[in-house]
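>>> have a look; sequence and predicted model below, questions after that.
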Protein chains: 2
Amino acid sequence: MGRVQAFLFVVSVAIAVLLSPVTADDERCDLSRSLRREIQQYQPVVDQIFERIVSGEFAGKTWESLLDFTDSFGPRLTGSKQLEDAIDFAVKEMINDGLENVHTEDALVPHWERGREWAQLVEPFRKNLPMLGLGRAVGTPPEGIMAEVIAVESFEEFESFSAEQVQGKIVVFAPAWVGYGPTGRYRYESASVAAKKGAIGVLVRSMTPFSIGTPHTGTLRYDPNVRRIPAAAITVEDAMLLLRKFRRGDRMVVHLKMDAVNLEPTISRNTIGELQGTAFQNTSVVVLSGHMDSWDVGTGASDDAGGVFVSWKAVTFLKAMGLRPKRTIRAIGWTAEEQGLEGVSVYERQHAADEKEEFNVFFESDSGTFEPTGLDFSGNHEARCIFAEIAKLMRGFTEFTYTNGTVGSDIGNWVSRGFPGVSLRNQNENYFWYHHSEGDTIELEDPKALDKSTALWAATAYVIADLSIDLPKDPAPYSPSAL
Amino acid sequence: MGRVQAFLFVVSVAIAVLLSPVTADDERCDLSRSLRREIQQYQPVVDQIFERIVSGEFAGKTWESLLDFTDSFGPRLTGSKQLEDAIDFAVKEMINDGLENVHTEDALVPHWERGREWAQLVEPFRKNLPMLGLGRAVGTPPEGIMAEVIAVESFEEFESFSAEQVQGKIVVFAPAWVGYGPTGRYRYESASVAAKKGAIGVLVRSMTPFSIGTPHTGTLRYDPNVRRIPAAAITVEDAMLLLRKFRRGDRMVVHLKMDAVNLEPTISRNTIGELQGTAFQNTSVVVLSGHMDSWDVGTGASDDAGGVFVSWKAVTFLKAMGLRPKRTIRAIGWTAEEQGLEGVSVYERQHAADEKEEFNVFFESDSGTFEPTGLDFSGNHEARCIFAEIAKLMRGFTEFTYTNGTVGSDIGNWVSRGFPGVSLRNQNENYFWYHHSEGDTIELEDPKALDKSTALWAATAYVIADLSIDLPKDPAPYSPSAL
């Protein structure tokens, strides 16, 4: 599967799993009494980690750092100076926090710039259409494009239009929101689906179940064999207005202006800091991660500065508490997630040779850091049984779902290849209200919820990193073509 | 009091009253037994009106008409062709609906156009600031203005800055949302408050308690003795970001571009249709009203097409049911409410000479047409006692609040002068989430809630219009200077 398909598959399965959770309790686990006892002995240290982070000297610190970061650097679009400034800052601060082996690893990433943009309905009445060009979209000529509109609800409905009907038109896709996986297809694919029939531009209904006139951006995927046409997200309200008007036979003309440009790929960096293990440094590493880049709207506080800071501060606080496990815990802030998981892909390629030895388990938080309720886990039967036993230590956060191969987007390729993966369960029911929009800001982040997330991350990582055994895994061999 | 102050006063009192409702039950009413009996005899006709509108042949019709209207004409900015097209359509449709004496009455109104506009933070990092220029604001030079930022939370805080510090700056006002009355001052007054100290532009935090990165427009009021400077609303999130950054000492530069222009005043029209009374035609008129104009964002479905259609369709359905009361019920769609109550002011001046005879009571719906719960009433003690008795007939909608002189904005001047006034109580707790934003669209309107509102409006108006007596009133004389 291509990268995007893999991502969509991962998301779809994750959603399916959320709808029908399977917990480890549902199956028989034959952990040895000694392993069970070993895990249970971590209860005091787990309690201590929670106490210090949630109500002790670290309380509020994750949020404070997140606030300082988003206020200082704002949105962090891949290819922007702001992202690189934020990475430089993270390196400096990780060193200040006492993290070890702090460094960056280069990755060649796309460099797309939005530029000035707007859309307007000009016939039969005038109305601005608040919009956001889709990531990696091409722009229009400087004067924009002005064309008649066709509006449909689905690809199936679009099939009923001939190339002759579509030729020279701007096509509006207004799919009902079903979920990010199934509805997200329209953001990825609409431009090429429409261009195949001669459309000159595309407007897609924003990917959200709720709207107050807010557009939501995100990347598209051009079919390499089809002409690239400008594509933007418009609000749910406007998409539905245009769809209703088209269906009642109103002739509509839209003027779309986008100065978007795809520049030469540029160098960005994955950001890495560690708490090095007492017994193993570069093998059996426990990875905690989120992504540093964001869209160029809001400040990317929830997507995904929250994930970065929960991961980074978990390591910081373990170090400050003098807790050093047998294995290395490595915090990674991936780059260029939003533009096709580019940072992690480079990292995975560069670490492919020795990855069986290098990695024990991958954590990723990239679905919000609202009030946490537990963890999601993916891994083989044995790993799952061990994880379920560890999860019992997390008093008040023992909600635990086995997600069968799918947690997170950046770590998805490892996980689908059989590595154990962990992600944060949290009360993110409204995550997509804000996702990729101007509403993704520090207002979404609550200090106490972040403390609990950091504590849960730190305690779980610590126990796994300190156990007498690795979490079992059956990794399939790395294959670049799988990406 | 000036018009704006009067409006703000009205809103503040309305809010205060909402917080501590006083009902007619709290006081002694000495209605005659015969009047009580007369009112009670309307129970069957009230029930019939509800039955026919809520579950009979008129069910869903108010929403259908509202949908057709907003989809056909979109936003209806004062001065725009779209507003005048909508008024032409309303006249034609009112005639089709069988309304009588359908006509328009001219009013000279402001003609402000938004033009292209944008704002961007350019230092210390780049971020688009989604914005909406405030109504009647002047524009910037074509290249925009670029200036350093001062950000404050309140006028009091702004007082601590000297003219020297403010000179040449763009001032951000980020008041916490307390309510539309008290917080609304910042939208009205900030431009002149800042310009007095030499500021060259103003950005105001949008007037809403909840935001997903959406700006909310609305009119401002320039002090005639102060230089007019460009002013726009930015999102809650961005206002708070700029305030936090200013307070931590970050030097910020904003680039603001607004092509807004104030053109010559133009002619618009109040739209009028009636169900003429059997006994009185042009005296003791019961007015049902909302405003036809809207801001140029969303489609003004909730502010205030909903109010217009509840008023208009109440008259339509009474006529279709063959219910003709003693007094005329007059539906009015005011023009130019949003730009300073201009339509109603002209109407009031033109009808001032004979208003004691002409009007019995004024209804206005302009605070949302969500699920209705009852009515608000203003009038003298006697009127209040009669109204309380009528309200008892509205089974399921007997929630009734006495608001002491303040209901609605368009009818506010009459009501504050002692005329009885009625407005729609509804579940509008989230009204300001959408108000004056791209989120004010048909999605806010529910067919069943509209049916109930129309029925409540129709039944209450019918009983008042058909009673043996007028609602008592003590009107103060009309004075143009009061506006």
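Yep, it's here. Residues are numbered from 1 along each chain as shown, chains lettered A, B, ... in the order given.
>>> show me what residue A:333 is bridged to.
Beta-bridge pairing for residue A:333 (DSSP bridges): residue A:271, residue A:290.
>>> just residue A:362 next, same as before
Going by DSSP bridges, residue A:362 forms beta bridges with residue A:287, residue A:421.
>>> please list the residues of the stretch 51-200 of chain A that sit near chain B.
A:67, A:71, A:73-75, A:80, A:82, A:85, A:116, A:118, A:121, A:125-128, A:130 (Cβ under 8 Å from any Cβ of the partner chain). Every C-beta, even on glycine, is put in place using the N, C-alpha and C of the backbone.
>>> are any of the residues you listed buried, and which?
With neighbours counted by 16 or more other Cβ atoms under 10 Å in any protein chain shown, these contain buried members at A:67, A:71, A:73-75, A:80, A:82, A:85, A:118, A:121, A:125-128, A:130.
>>> tell me the contacts of residue A:104?
A:87, A:91, A:269, A:270, A:271, A:272 (Cβ atoms under 8 Å, 6 or more residues apart in numbering or on different chains).
>>> quick check: the fifth one vs residue A:104, distance?
As for residue A:271, its distance to residue A:104 is 5 Å (criterion: Cβ to Cβ, to the nearest Å).
>>> who touches both of those two?
A:87, A:91.
>>> please tell me how far residue A:299 sits from chain B.
7 Å (Cβ to the nearest Cβ, to the nearest Å).
>>> now that residue: closest residue in space that isn't a chain neighbour?
Spatially, and ignoring its direct neighbours in sequence, residue A:299 is nearest to residue A:70 (4.0 Å; Cβ to Cβ, 6 or more residues apart in numbering or on different chains).
>>> check residue A:215 too.
Residue A:215 sits nearest to residue A:132 (Cβ to Cβ, 6+ apart), 4.4 Å away.
>>> returning to that earlier point: mind listing which of the residues of the stretch 51-200 of chain A next to chain B are in strands?
A:118, A:121, A:127, A:128 (DSSP state E).
>>> can you list those in CSV and add distance to residue B:386 and pLDDT?
Shown next, in CSV, are those (distance: Cβ to Cβ, whole Å; pLDDT from 0 to 100):
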residue, distance to residue B:386, pLDDT
A:118, 54, 98
A:121, 49, 98
A:127, 45, 98
A:128, 48, 98
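>>> tell me which of those residues is nearest to chain B?
Nearest to chain B, judged by Cβ to the nearest Cβ, of these is residue A:127 at 4.8 Å.
>>> so how far is residue A:241 from the closest one?
8 Å.
>>> overlap in contacts, these two.
Contact criterion Cβ under 8 Å, 6+ apart; residues shared by residue A:127 and residue A:241: B:74, B:299.
>>> please give the element, helix or strand, for the residue nearest to residue A:215.
Under the criterion of DSSP states H and E, residue A:132 resides in strand A:131-133.
>>> tell me the pLDDT at residue A:375?
Residue A:375 is assigned a predicted lDDT (pLDDT) of 93.
>>> now do residue A:25
Reading off the model, residue A:25 has pLDDT 50.
>>> now swap in residue A:33 and tell me
Residue A:33 carries a pLDDT value of 96.
>>> and residue A:395, by the same measure?
pLDDT at residue A:395 comes out at 89.
>>> contacting residues around it?
When contacts are counted by Cβ under 8 Å, 6+ apart, residue A:395 touches A:46, A:47, A:50.
>>> tell me how far it lies from residue A:286.
Taking Cβ to Cβ, one finds residue A:395 at 21 Å from residue A:286.
>>> part of a strand, is residue A:458?
No. The assignment for residue A:458, made by DSSP: H, G, I helix; E, B strand; the rest coil, is helix rather than a strand.
>>> ok, the residue nearest to residue A:299 touching residue A:302?
No. Proximity of residue A:70 to residue A:302 does not meet the contact threshold set by Cβ atoms under 8 Å, at 9.9 Å.
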